[in-house]
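*Asks:* Prediction below, plus the sequence it came from.
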Amino acid sequence: MTLTGEAKVAGVIGWPVAHSKSPRLHGYWLAQYGVDGAYVPLPVRPDDLPAAVRALPKLGFQGANVTVPHKAAVAELCDDLEPHAQRLGVVNTLICTGDGVRGANTDGLGFLNNLFHGAPDWRPENAPAVVLGAGGAARAVVVALLDAGAHEVRVLNRTRAKAESLAQEFGERVRVFAWGDWADAFPGAGLLVNTTSLGMTGQPALSVDLTPLPRRALVNDIVYKPLETDLLATARARGNPAVDGLGMLLYQAVPGFQAWFGVRPEVTDDLRARMLAD
Ligand code: ATR
């Protein structure tokens, strides 16, 4: 649709930002809903981040997404943080409010909504969750699971100290197991999530022995390149339900689009196909 002088503008702040899928995603929805609006890549060097964030409301932006490497630094620059973003200390969505900027984090919600849509019978409170990894993505996943009512989240990470620090920060419902200790971590689990980069195209394989995992446990990989990772394929082959990682990217974008452009967008099969097209 042709833009008018009243077009609403948002974007994604990153460095580099060319790899970001967000312009394609939001661009799809803008066209789909006939919104008089634009969503643009905003390459911002780390040194320029404070000035760029301050400029957003002055330039009339509705807000922006924030991606690597700025997600933690930007939390310090917001005038106000939503409680979930405050708890994580990490922001992926900025909403301009008058003269200020409010920070939110929608990654955890995107993760949960992906599972709720992909596996409607899954309930976070029903059985322990197992999380592989303890990096930035794992933090969002662990907190989302705890906030959604999980009684126990078992974290396994190559660098054990990072898993320990998650447990220290988020309390005794987080239990730490050694990386590779599938035999102790998997029994009784209702969910297994890979948040590491292992299994991603160009990265080393993720080698996990699923034998001790109950067959009813849901398996999810936040890696979506390839869409069907070895973990998901192995899980499905032994009868586990499995949900791929693309939905997390799509669902995390819903609240931002709604706040900026005033329409609650839908995640559809057509959108998934467009996001996977080269
Ligand atoms: P993100 O923000 O995407 O989570 P990250 O913070 O760099 O990225 O975290 C990457 C995760 O993948 C970490 O849990 C990392 O384990 P370490 O904390 O030990 O680094 C995990 N990871 C990366 N390469 C790995 C490998 N070869 N074996 C096991 N875990 C690996």
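*Replies:* Noted; the coordinates are in hand.

*Asks:* can you list the residues of the chain near the ligand?
*Replies:* 133-138, 157-159, 162, 195-198, 204 (CB under 6 Å from any ligand atom). (C-beta placed from N, C-alpha, C; glycine too.)

*Asks:* So which of these are in helices?
*Replies:* Among the residues of the chain next to the ligand, DSSP state H puts 136-138, 162 in helices.

*Asks:* Let me see the ranges of the strands in this protein.
*Replies:* Taking DSSP state E as the test, the strands found in the chain are 8-14, 37-43, 63-66, 80-81, 93-97, 100-104, 129-132, 153-157, 174-178, 191-194, 218-221, 242-243.

*Asks:* quick one: terminal-to-terminal distance for stretch 179-190?
*Replies:* Chord length of stretch 179-190, first to last residue, is 19 Å (CA to CA, to the nearest Å).

*Asks:* Name the residue of the stretch 51-200 of the chain that lies nearest to the ligand.
*Replies:* Gly135 (2.1 Å; CB to the nearest ligand atom).

*Asks:* per-residue pLDDT, the closest residue to that residue other than its chain neighbours?
*Replies:* Leaving aside its sequence neighbours, Gly135 sits nearest to Thr195 (CB to CB, 6 or more residues apart in numbering; 6.7 Å). For Thr195, the model assigns a pLDDT of 97.

*Asks:* rewinding a little: reformat the strands of the chain as TSV; add mean neighbour count.
*Replies:* As requested, the strands of the chain are exported to TSV (neighbours: other CB atoms under 10 Å):
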stretch	mean neighbour count
strand 8-14	22
strand 37-43	19
strand 63-66	27
strand 80-81	16
strand 93-97	22
strand 100-104	21
strand 129-132	27
strand 153-157	25
strand 174-178	18
strand 191-194	26
strand 218-221	26
strand 242-243	22
